[in-house]
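Peer 1: For reference, the sequence and a predicted model appear below.
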Amino acid sequence: MDVLALFRALDQLDLSPSEIPQSLLYQLFELDADYAEALWALDQPPDSFDHQAMLRDALASLHQLPRTGARFRKQLAPRAHPKLEILEASIRKTLNAQEAYSQIPGSSPQNG
């Protein structure tokens with residue numbers, strides 16, 4: 001949900017691509033995709049894949065988020081910092097847990 005709030009806040013800022021660290025943004029997209037895959041896996045039949053591997057990968061992605069997010073924020077254009085922090089906090093308060101499933105095709109969260 002934190003990544004979703006960050007992405008939505010970035011959408012509201014008037015930043016040019018050169019003011020956004022593109023390689024770190026890509027890494028955040030990749031982590032977000034890992035989280036979506038983990039959510040998808042929760043709705044799959046128990047014998048359809050290796051749950052231990054999925055858990056290992058999801059935990060590794062979760063471990064990377066704080067460091068990657070901090071580096072991303074640090075490298076954003078300085079003028080974005082105060083507004084981004086306010087926007088993220090405001091957006092995060094309004095998010096519903098079901099929104100984590102919004103980009104997962106055919107999802108019908110049973111465990112969300």
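Peer 2: All right, it came through fine.
Peer 1: which residues of the chain score low on pLDDT?
Peer 2: Along the chain, segments meeting pLDDT under 70 span 100-112.
Peer 1: most distant residue from the middle of it?
Peer 2: In the chain, counting by C-alpha atoms, centre = their mean, Asp47 sits farthest out from the average C-alpha position, at 27.1 Å.
Peer 1: Tell me how many other residues crowd Ala58.
Peer 2: Residues near Ala58, counting by other C-beta atoms under 10 Å, number 17. In this view, the C-beta of every residue, glycine as well, is placed from N, C-alpha and C.
Peer 1: quick one: the nearest residue to it once chain neighbours are set aside from His51, how far?
Peer 2: Beyond its immediate neighbours in the sequence, the residue positioned closest to Ala58 (C-beta to C-beta, 6 or more residues apart in numbering) is Ala38, lying 4.0 Å away. According to C-beta to C-beta, to the nearest Å, Ala38 stands 10 Å off from His51.
Peer 1: Next, work out how far apart the residue farthest from the centre of the chain and Ala58 are.
Peer 2: When distance is defined by C-beta to C-beta, Asp47 is 19 Å away from Ala58.
Peer 1: Same question for Leu28.
Peer 2: Counting by C-beta to C-beta, the gap between Leu28 and Ala58 amounts to 16 Å.
Peer 1: what residue is smack in the middle of this structure?
Peer 2: Compute the mean C-alpha point of the chain, and by C-alpha atoms, centre = their mean the closest residue is Val3, 2.9 Å away.
Peer 1: Report the contact partners of that residue.
Peer 2: 28, 31-32, 35, 65, 69 (C-beta atoms under 8 Å, 6 or more residues apart in numbering).
Peer 1: let's see it at 6 Å
Peer 2: For Val3, the contacting residues are Asp32, by C-beta atoms under 6 Å, 6 or more residues apart in numbering.
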